[in-house]
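K.L.:
here is my input; please provide its structure:
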Amino acid sequence: MKNGEKIYNTAVEATLEVIGGKWKPVILFHLTFGKKRNGELMQLVPDMSQKVLTQQLKELEKDGIVNRIVHNQVPPKVEYELTDFGWSLKEILHAMCRWGDVYIDKKYGANGKILFTPPMPDE
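P.N.:
I've put the predicted structure just below:
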């Protein structure tokens, strides 16, 4: 890298730089269904620790993908939502989910289980 230039071999690398990892795509997928509080995200992704959730949300906020909304009330209330830029990931995330459904069915058949059922679209 010279003169502040960032070079990627493919744009997929840039995408994975922002949303890559075990938990970020899962967090973002859940946010495509609307605002979520910290506790809601912990319930939706029970295998993720609080420390990791906090770290991932901070990174996504820094990258302009997630908004952190702090409500001035007692007790404190914080919600997370996708930014306009974050919403541009919705189709990618939902396509990953559909691919995962096919993969689970192909690899595990009736023995594969998915715990989360996405809400039905309002369309």
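
K.L.:
what comes up buried for the longest helix seen in the chain?
P.N.:
Using DSSP state H, we find that the single longest helix of the chain is helix 90-108. Of all the residues in helix 90-108, those buried under the rule 16 or more other Cβ atoms under 10 Å are Leu93, Met96, Cys97. To be clear about C-beta, it is placed using only N, CA and C from the backbone, and glycine gets the same treatment.

K.L.:
and the gap between the last one and Asn9?
P.N.:
In other words, Cys97. Distance from Cys97 to Asn9, counting by Cβ to Cβ, to the nearest Å: 27 Å.

K.L.:
ranges for the strands of the chain?
P.N.:
Ranges of strands in the chain, per DSSP state E, are 36-37, 66-71, 77-82.

K.L.:
could you dump the ones you listed into CSV and include distance to Tyr103, mean pLDDT and mean neighbour count?
P.N.:
Shown next, in CSV, are the strands of the chain (distance: least, Cβ to Cβ, whole Å; pLDDT from 0 to 100; neighbours: other Cβ atoms under 10 Å):
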stretch, distance to Tyr103, mean pLDDT, mean neighbour count
strand 36-37, 26, 96, 16
strand 66-71, 27, 96, 14
strand 77-82, 25, 96, 16
